[in-house]
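Visitor: Can you look at this prediction? I've put the sequence above it.
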Amino acid sequence: MKDPELRHFILQIALKCADISNPCRPWDVSRKWSLKVCDEFFRQGDYERQLGLPVTDICDRYNNTVPKIQTD
């Protein structure tokens, strides 16, 4: 694959497949990964707040919940 545009497109497809595959996993695995991702988002928001930066919407633990993040 020498064409950079094709390579980029294929990487986008792979990333999308990884992103949407979680709900297809067994419930205990899917739930574990969802909670881990949301924890990472919330820690990022905490750090943004600590630095006095605007908090990214999805990373604000005070205005979001795990279910809300998953449906937005």
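Guide: Looks like it came in fine. Numbering: from 1, shown residues only.
Visitor: Any idea which helix or strand in this protein has the lowest mean pLDDT?
Guide: Ranked by mean pLDDT, DSSP states H and E, the weakest helix or strand in the chain is helix 66-71, scoring a mean of 82.
Visitor: Mind naming the longest helix for the chain?
Guide: helix 27-50 (DSSP state H).
Visitor: and that one, what does it pack onto?
Guide: Packing contacts for helix 27-50, counted by 3 or more C-beta pairs under 8 Å, 6 or more residues apart in numbering; DSSP states H and E, involve helix 66-71. All C-beta spots, glycine's among them, are computed from the backbone N, C-alpha and C.
Visitor: residues making contact with the helix it packs on?
Guide: S34, L35, C38, F41, I58 (C-beta atoms under 8 Å, 6 or more residues apart in numbering).
Visitor: Looking at those residues, which two lie furthest apart in space?
Guide: L35 and I58 (14.7 Å; C-beta to C-beta).
Visitor: What distance do you get for the residue positioned nearest the centre of the chain to R25?
Guide: Geometric centre of the chain, nearest residue: V37, 5.6 Å, by C-alpha atoms, centre = their mean. The spacing between V37 and R25, counted by C-beta to C-beta, to the nearest Å, is 13 Å.
Visitor: Could you do G52 as well?
Guide: Counting by C-beta to C-beta, the separation of G52 from R25 is 38 Å.
Visitor: which of these two has more neighbours?
Guide: R25 (12 against 6; other C-beta atoms under 10 Å).
Visitor: pretty sure the more buried one is touching W33, no?
Guide: Yes. The pair R25 / W33 is scored as a contact, 7.5 Å apart, by C-beta atoms under 8 Å.
Visitor: on that earlier part again, which residues touch the residue nearest to the centre of the chain?
Guide: V37 neighbours (C-beta under 8 Å, 6+ apart): none.
Visitor: Please report the distance of it from I69.
Guide: From V37 across to I69, the span is 8 Å (C-beta to C-beta).
Visitor: ditto for R25
Guide: Using C-beta to C-beta, one gets 18 Å for the distance from R25 to I69.
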